[in-house]
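>>> I'll drop the sequence and a predicted model, then ask my questions.
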Amino acid sequence: MAVDIAQIKRLKDLTGVGLTDAKAALEAAGGDFDKALKEMRAKGLTKAEKRGERQALAGVIGNYNHDNRIGVIVEVNCETDFVARNEIFVNLVKDVAMHIAASNPQYVSREQVPAAAIKSAEDEFKDKASKEGKPKDMIDKIVAGQIDKYFAERCLMSQPFVKNPDQTVGDYVKEHIARLGENIVVRRFARLALGEVE
């Protein structure tokens, strides 16, 4: 089946694969662009997870200012200066900073949440479940689910990405790992809102 060259180029740009791979994916999907894109992303995310073990010490510190009322500074690392200067990477950093301004996460990922914060939330949820009369043997399960949801909402990498709520920020970063062929790590961020008191 002949596939449109414009579709091949579009798939190549979105996934970072070569023209031959993009063409093969479209042919395998019978010309269905969305199906081909989904398959290529799934393959790319698998490769991205393998790249996640490599050290990322280059990168940039990006920033975002919203109406002079909310300011964000974020450090995003990659493996080489070459990628750090790449427009795709620079745009990723801007998008992450903008997301932080909009969604106000507290932590980068679940791994960065202090044990004391988890314990405090667990105690609060257990107390609430007990007061609501939940069965004692179910409380731990209920609390575990509430803890997962609570911190998913507060951790940057597990929040739905503001530009595309169908994917998390973590998935958006993995997509860029697949496109750029390097490990990418959101290291840290700070967010200031005008008049906010700590």
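Looks like it came in fine.

>>> pretty sure residue 9 is in contact with residue 23, am I right?
No. Judged on C-beta atoms under 8 Å, residue 9 makes no contact with residue 23 at a distance of 9.9 Å. Where C-beta positions appear, they are placed from N, C-alpha and C, glycine not excepted.

>>> more neighbours: those two, which one.
residue 23 (19 against 13; other C-beta atoms under 10 Å).

>>> how much space between the more buried one and residue 193?
Residue 23 sits 48 Å away from residue 193, going by C-beta to C-beta, to the nearest Å.

>>> same check, this time on residue 93
Distance, residue 93 to residue 193, by C-beta to C-beta: 20 Å.

>>> so for stretch 149-163, mean pLDDT?
Mean pLDDT, computed over stretch 149-163, is 94.

>>> which residues sit against that stretch?
By C-beta atoms under 8 Å, 6 or more residues apart in numbering, the list of residues contacting stretch 149-163 from outside reads 95-96, 98-100, 102-103, 105-110, 112-113, 118, 121, 125, 166-173, 186, 189.

>>> equivalent analysis for stretch 79-88, please.
Counting by C-beta under 8 Å, 6+ apart, 16, 54-60, 78, 89, 176, 179-183 sit against stretch 79-88.

>>> now the two most distant members of those residues.
Using C-beta to C-beta, the two most remote members of the contacts of stretch 79-88 are 16 and 57, lying 21.8 Å apart.

>>> have a look at these two and say which one is more surrounded.
The neighbour comparison of residue 16 against residue 57 (other C-beta under 10 Å) goes to residue 16, with 18 against 10.

>>> packing partners for the helix or strand residue 71 falls within?
Assigned by DSSP states H and E, residue 71 belongs to strand 70-78. When contacts are defined as 3 or more C-beta pairs under 8 Å, 6 or more residues apart in numbering; DSSP states H and E, strand 70-78 sits against strand 58-66, helix 87-103, strand 185-193.
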